[in-house]
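Participant: show me how the following folds:
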Amino acid sequence: MKLMTFPVPADTPKVVVNTPTNRILALDCSGSMSNDLPKIRTMLKNKLPTMVLPQDTLTIIWFSGHGQCGTLFECTKLESLADIQRVNDAIDRFVKPVGMTGFKAPLELVKDLTQRLSGDCTLSFLTDGGENVSSKKEVLEVCKALSEELTTVTMVEFGYYADSKMILDMAEELGGSVVLAENFVNYYESLESSLKTSASGKKIKINKITAEYVIGNLSDGFVIARPDAVGTITLPANTVSYSYFDGTGDIDDIELNTRDDNLSDAGYAVSALILKGQADKALQLASVIGDVELYHQVENSFSKQDYARTVELANAFGSGKKRFYTTKPRQRNLIPDENAYNVLTLLMDLASEEGNFLDLSYESFVYEAIGAKRDTAEVGEGENTFKPVFKDKTNDIKAQITKLNFDEDRPNISILVRREGTVTVPENDLGFKDTFESFIWRNYTIVKDGIINVRFLPVVLSKASYDLFKQLEVIDEPFKVGKTFVIDTKRFPIINRSMATPTTSDSLFRQCFDLYVLKVKQKVLGAKVEKSEFGQKFAALYGDDGAKFLKELGISEGGFSPKTVKGESLDPYVAKVLEVKMAGLNSIPTIDAVQKAIDSGKSLTPAQRVMADVMKALEGVSDYVGELTTTVAAVRALRNQIVQVKFGIILGKKWFTDMNNIEDNTRTLDFGLGKDIVCSVELADKEV
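Facilitator: Sure, this is the predicted structure:
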């Protein structure tokens, strides 16, 4: 397969600069934008007067969910202080978070506007979410109808949880570009660029295209366009060349039919492949290009954050802001580092060594909780209600890292820590003071759906962990007991290529069955272990009434764990979920039900047979506590192995080697249960 690049036709009309243009800004005001809208609101009020050129008009459309869409102001020129004040008032009134996310309604407003206006129109469309109102087909139909109405389109994917595939599909129908805006600063830069882009003139049409898509190379950016039913593509007036991939198989060559001799258009092609989720093809193209810096960036791209950094670098080469081969000579024999140190391994190393702490009070520690917020529930009734509150013992909070927690179906990793403190206690006649010493367990999600949720990780390290990280060049400062070291997780890929190497579904299914057996064993042992000591220490110390009083507040020997109520809901987003199902083994039966089935002589279900086998195997065990401790550790270790496989499938974007494709996802296996088990693995986009 070759990358082919051609100049635009010689008879293409020249771009007319400095012509009056109608600039349209569509802004996502859904609930998930709540953290960034205040900054965007301030930026718009302060910067729009200098961003919008004197001859241009500005329209701002806000949108969120069903029935929540409107125009702040239409075709306004910022010529006077009164104009600016009117715009600022509208921004303050409407640019606020509300509802879900829907794309069709704002696009229809844009379409209506362009049909009423004369002159060129451009669109900058920002969202951090996905379509929750209309069907994808309906949205893309509106995009297709709009493509001829707009001279340039910039689709801004804000943050890391937007529906990337949907945004790219919209951009391809619109003949527009996609900007990955990691944060507010990136958005400001992209908005300023889109509001000042001159692309007036008749759109360029190229006929007889047989490729799946075409990359339109602009002077500062690129667009991806799909050919219509007869093989015609439409590109913006400021397109200088266009590229597409010809042939099948691996990318092994670049053929230029332009005067560009430094392969800059190939930089844009790398970005296009990354945006389309074809990281392996991007690595092949980077290898053909032979720029060492670009190659190493592409080879470790697995998450959206990695993609954003890769696209930023590749675009710099495409625009000419960076030149190929300036750091090292061209190399054509580059080999990927299969075992690059990565965030997943780093976190495992942190949790595997005793004496490592997370410094929660360090100034660079910025944490955003995931999932719906939950508030501590009040206890008591009527006028006697009371809400217990946990307070850390000190403002200098260094919480011991105890273990890592993994989500079994999504690429989430959290650090579990123990925080020491006190809990407020209401007035009582049991002798308790107004505070009670306790501790609280907290999970801090470091990786959320394959995205770094905490960039700067402040940690106090044991000497053994320090020596390891120093050797791996994670840190370079001298060791000191109690010193906080800040690890920049952005320096590392989420996983490495060896973790993304495809495995067999048979191997994963058998690991999942082994984990199921261990969980059954854990349940049986848990029922056998004498728990009289736990839950009765407080009774011995404070009496039955005192222990009951503390329990109602959520205080026990296990720490402070109060009842909670659901807080403010978050705007849902689409995440990749990999689920394994084994027919008849998706839940664990009760011990009593299995014993009754055994006593009755009835045929056992697969799940009951597993438990019966476990119960029989444990008959000779005397040290239930020790066996339970060993089993819990085995469950954790095997779960970690399974999670790594799932990470590789989700982030590596590869399927199992013994399955043909993602639809080929079911196998029937014999686990020695007297009945074959139907096993399936499903990778899907789910709203979370």
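
Participant: tell me who's in contact with Lys205.
Facilitator: Lys205 makes contact with Thr232, Ile233, Thr234, Leu235, according to Cβ atoms under 8 Å, 6 or more residues apart in numbering. From N, CA and C alone the C-beta is placed, and that goes for glycine too.

Participant: which other helices and strands contact the helix or strand bottoming out on mean pLDDT in the chain?
Facilitator: Comparing helices and strands within the chain by mean pLDDT, DSSP states H and E singles out helix 184-196 as the least confident, with a mean of 72. Helix 184-196 makes packing contacts with strand 21-28, helix 37-51, strand 120-127, strand 152-158, strand 177-181 when contacts are defined by 3 or more Cβ pairs under 8 Å, 6 or more residues apart in numbering; DSSP states H and E.

Participant: now the second one: buried residues?
Facilitator: Okay, so that is helix 37-51. By neighbour count, and taking 16 or more other Cβ atoms under 10 Å as the criterion, the buried residues in helix 37-51 are Leu37, Ile40, Arg41, Met43, Leu44, Lys45, Leu48, Met51.

Participant: in CSV, list these along with distance to Ser177 and pLDDT.
Facilitator: Supplementary listing: these in CSV, determined by distance: Cβ to Cβ, whole Å; pLDDT from 0 to 100:
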residue, distance to Ser177, pLDDT
Leu37, 24, 84
Ile40, 20, 85
Arg41, 25, 86
Met43, 21, 86
Leu44, 21, 85
Lys45, 26, 86
Leu48, 21, 84
Met51, 18, 82
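
Participant: out of those, which comes closest to Val678?
Facilitator: Sorting these by distance to Val678 puts Leu37 at the head of the list, at 47.8 Å, by Cβ to Cβ.

Participant: hang on, the closest one packs against Val95?
Facilitator: Yes - Leu37 lies in contact with Val95 (Cβ atoms under 8 Å); the separation is 5.9 Å.

Participant: can you read off the pLDDT for Pro13?
Facilitator: pLDDT for Pro13: 64.

Participant: with Ala351 instead?
Facilitator: Here, the pLDDT recorded for Ala351 equals 88.

Participant: which SSE is the residue nearest to it when sequence neighbours are not counted in?
Facilitator: Distances taken as Cβ to Cβ, 6 or more residues apart in numbering put Leu404 closest to Ala351, at 4.5 Å, once the chain neighbours are dropped. Leu404 is part of strand 398-406, with elements assigned from DSSP states H and E.

Participant: packing partners of the next helix or strand along the chain from that strand?
Facilitator: The C-terminal neighbour of strand 398-406 among helices and strands, as given by DSSP H and E, is strand 413-424. The elements that strand 413-424 packs onto, with contact taken as 3+ Cβ pairs under 8 Å, 6+ apart, are helix 343-352, strand 357-359, strand 390-392, strand 398-406, strand 435-448, strand 559-560.

Participant: now the ones you listed in TSV, with distance to Ser219 and mean neighbour count?
Facilitator: Formatted as TSV, the entries for the helices and strands packed on strand 413-424 read as follows, by distance: least, Cβ to Cβ, whole Å; neighbours: other Cβ atoms under 10 Å:
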stretch	distance to Ser219	mean neighbour count
helix 343-352	36	20
strand 357-359	47	22
strand 390-392	55	16
strand 398-406	46	18
strand 435-448	37	18
strand 559-560	60	20
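
Participant: and of these, who's closest to Leu508?
Facilitator: Ranking the helices and strands packed on strand 413-424 by proximity to Leu508 (Cβ to Cβ) places strand 398-406 first, at 14.8 Å.

Participant: so what strands line up beside the closest one?
Facilitator: On the basis of DSSP bridges, the sheet neighbours of strand 398-406 come out as strand 357-359 (antiparallel), strand 413-424 (antiparallel).

Participant: tell me which residues of the longest one come out buried.
Facilitator: Of the residues in strand 413-424, those buried by neighbour count under the rule 16+ other Cβ under 10 Å are Ile413, Ser414, Ile415, Leu416, Val417, Arg419, Glu420, Gly421, Thr422, Val423.

Participant: any idea of the angle it forms with strand 435-448?
Facilitator: 160 degrees (axes from the mean of the first three to the mean of the last three Cα atoms, to 10 degrees).

Participant: so strand 413-424 versus helix 343-352, what angle?
Facilitator: Compare the direction of strand 413-424 with that of helix 343-352 by the same axes, to 10 degrees and you get 40 degrees.

Participant: return strand 413-424 as PDB; C-alpha atoms alone will do.
Facilitator: Backbone C-alpha positions of strand 413-424 (Å, rounded to 0.1, in the frame of the first residue of the first chain) are rendered in PDB as follows:
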ATOM      1  CA  ILE A 413      -7.100   1.800  37.700                       C
ATOM      2  CA  SER A 414      -7.400   3.300  41.100                       C
ATOM      3  CA  ILE A 415      -5.100   3.400  44.100                       C
ATOM      4  CA  LEU A 416      -6.700   2.400  47.400                       C
ATOM      5  CA  VAL A 417      -5.400   4.400  50.400                       C
ATOM      6  CA  ARG A 418      -6.100   4.600  54.100                       C
ATOM      7  CA  ARG A 419      -6.600   8.000  55.600                       C
ATOM      8  CA  GLU A 420      -6.500   8.500  59.400                       C
ATOM      9  CA  GLY A 421      -8.800  11.000  61.100                       C
ATOM     10  CA  THR A 422     -11.800  11.600  63.300                       C
ATOM     11  CA  VAL A 423     -15.600  11.400  62.800                       C
ATOM     12  CA  THR A 424     -18.000  13.900  64.300                       C
END
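
Participant: starting at the chain centroid, how far to that strand?
Facilitator: Relative to its chain's centre, strand 413-424 lies at 25 Å (Cα atoms, centre = their mean, to the nearest Å).

Participant: what's the mean pLDDT across that strand?
Facilitator: This predicted structure assigns strand 413-424 an average pLDDT of 90.

Participant: ok so, going back, name the residues that touch the strand holding Leu404?
Facilitator: When contacts are taken as Cβ under 8 Å, 6+ apart, the neighbours of strand 398-406 outside the stretch itself are 347-348, 350-351, 356-361, 412-419, 442-443, 459-460, 636, 639-640, 643.
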